[in-house]
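A.B. asks: here's a sequence, model it:
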Amino acid sequence: MENYLDINRNSWNAKVEPHLKSDFYFVDEFLKGRTSLNSIELELLGNVQNKSILHLQCHFGQDSISLARLGAKVTGIDLSDKAIEAARDLARKAQTDTEFICTDLYKLPNILDRKFDIVFTSYGTIGWLPDLKKWAEIISLFLRPGGKFIMAEFHPVVWMFDDDFQGIRYNYFNEKPIVEIYEGTYADQSADLVQEYVMWNHSLADVLQNLIQNQMQIIHFKEFDWSPYPCFRHVNEFEKGKWRIPQLGNKIPLVYAVEAIKKSS
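C.D. replies: Model (predicted):
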């Protein structure tokens with residue numbers, strides 16, 4: 001899939017406008033001060049006051065700006081030029097000095113030469129990347145010794161199911177690219193969008209082992225039987241801000257989170 005970047009950039013560019021208008025992203029409330037961060041990642045992030053943070057695959061920057069509001073110096077990066085344009089506009093309206101860079105993650109070392117206290121990524125990010133070895137190398141490269149990597153992500157078990165969660169459709173392991181056409185978007189199923197995209201499934205071993213092999217010490221690993229987002233079909237909110245797939249209940253993990261520390265040597 002040599003052209004996967006172009007396919008996915010076009011897909012994410014098309015999502016920006018409907019996402020900005022969606023209740024899912026609550027932009028009006030966000031600009032009035034509501035945070036976009038969830039308890040899962042906030043617990044692992046801890047106090048970010050005066051910390052430098054590199055936010056990978058930031059979409060239009062709500063989490064980046066939320067971190068900046070907590071006192072961090074944040075740089076967000078994303079493949080989509082329209083998302084980065086929207087992120088800069090949101091940062092201006094929110095009156096934060098959050099920095100945004102438009103780039104493919106794998107090309108970031110050619111653009112940025114800085115070390116960070118924290119590298120952060122969350123929810124629906126690594127599935128767009130074919131190579132987690134290279135991903136982990138970049139995380140390690142941009143972290144200072146003793147710096148933290150914080151990740152919250154949808155669990156790979158979720159991506160094994162078909163869209164209606166009626167049966168297993170995909171391989172748990174990264175067997176090959178998944179190329180599909182999707183109508184609507186997770187933030188607005190009724191959006192007038194028909195998009196091709198390319199994704200990859202990544203096992204937990206693929207995630208954790210690549211981090212370990214790149215000077216990262218795993219400090220915390222957690223799994224959750226709920227999602228902080230209603231981004232799957234047919235979900236129900238069983239507690240405020242917590243969603244599950246009704247027919248699966250609490251039987252499978254929907255999200256996991258990782259905290260890792262960059263070793264000194």
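A.B. asks: so which bits of stretch 42-62 are buried?
C.D. replies: Buried residues in stretch 42-62, counted by 16 or more other Cβ atoms under 10 Å: 42, 44-45, 48, 51-62. Every residue, glycine included, has its C-beta placed from N, CA and C.
A.B. asks: report the two of those separated the most.
C.D. replies: L44 and F60 (23.0 Å; Cβ to Cβ).
A.B. asks: just the buried residues of stretch 42-62 now: which is nearest V119?
C.D. replies: Among the buried residues of stretch 42-62, L54 lies closest to V119 (Cβ to Cβ), at 4.8 Å.
A.B. asks: can you tell me which residues contact the nearest residue to the closest one once chain neighbours are set aside?
C.D. replies: Nearest in space to L54, with sequence neighbours left out and distances taken as Cβ to Cβ, 6 or more residues apart in numbering, is F116 at 4.4 Å. Each residue near F116 by Cβ atoms under 8 Å, 6 or more residues apart in numbering is listed here: 52-54, 75, 142-144, 147.
A.B. asks: for F116, give me the pLDDT.
C.D. replies: F116 is assigned a pLDDT of 98 by the prediction.
A.B. asks: ok, for N236, nearest residue in space, not its chain neighbours?
C.D. replies: Among residues not flanking N236 along the chain, P246 sits closest, at 5.2 Å (Cβ to Cβ, 6+ apart).
A.B. asks: the one you found: which element?
C.D. replies: P246 is part of no helix or strand, with elements assigned from DSSP states H and E.
A.B. asks: go on, V48?
C.D. replies: Using DSSP H and E, V48 sits in no helix or strand.
A.B. asks: now swap in W135 and tell me
C.D. replies: helix 132-142.
A.B. asks: what's in contact with that helix?
C.D. replies: 54, 56, 105-106, 108-109, 112, 114-116, 119, 126, 129, 149, 174, 202, 206-207, 210-211, 213-216, 262.
A.B. asks: out of the residues you listed, which are buried?
C.D. replies: Buried members of the contacts of helix 132-142, scored by 16+ other Cβ under 10 Å, are 54, 56, 105-106, 108, 112, 116, 119, 126, 129, 149, 174, 202, 206-207, 210-211, 214-216, 262.
A.B. asks: strands - which of those land there?
C.D. replies: Mapping these onto strands (DSSP state E) picks out 54, 56, 116, 119, 149, 216, 262.
A.B. asks: surely the fifth one meets I118?
C.D. replies: Right, the one you point to is F149. Yes - with contact defined as Cβ atoms under 8 Å, F149 reaches I118; the gap is 7.5 Å.
A.B. asks: okay, and the common contacts of the two?
C.D. replies: L143.
A.B. asks: what's around the residue nearest to K15 when sequence neighbours are not counted, how many residues?
C.D. replies: For K15, ignoring the flanking residues on the chain, the nearest one in space by Cβ to Cβ, 6+ apart is T185 at 5.2 Å. Neighbourhood size, T185 [other Cβ atoms under 10 Å]: 21.
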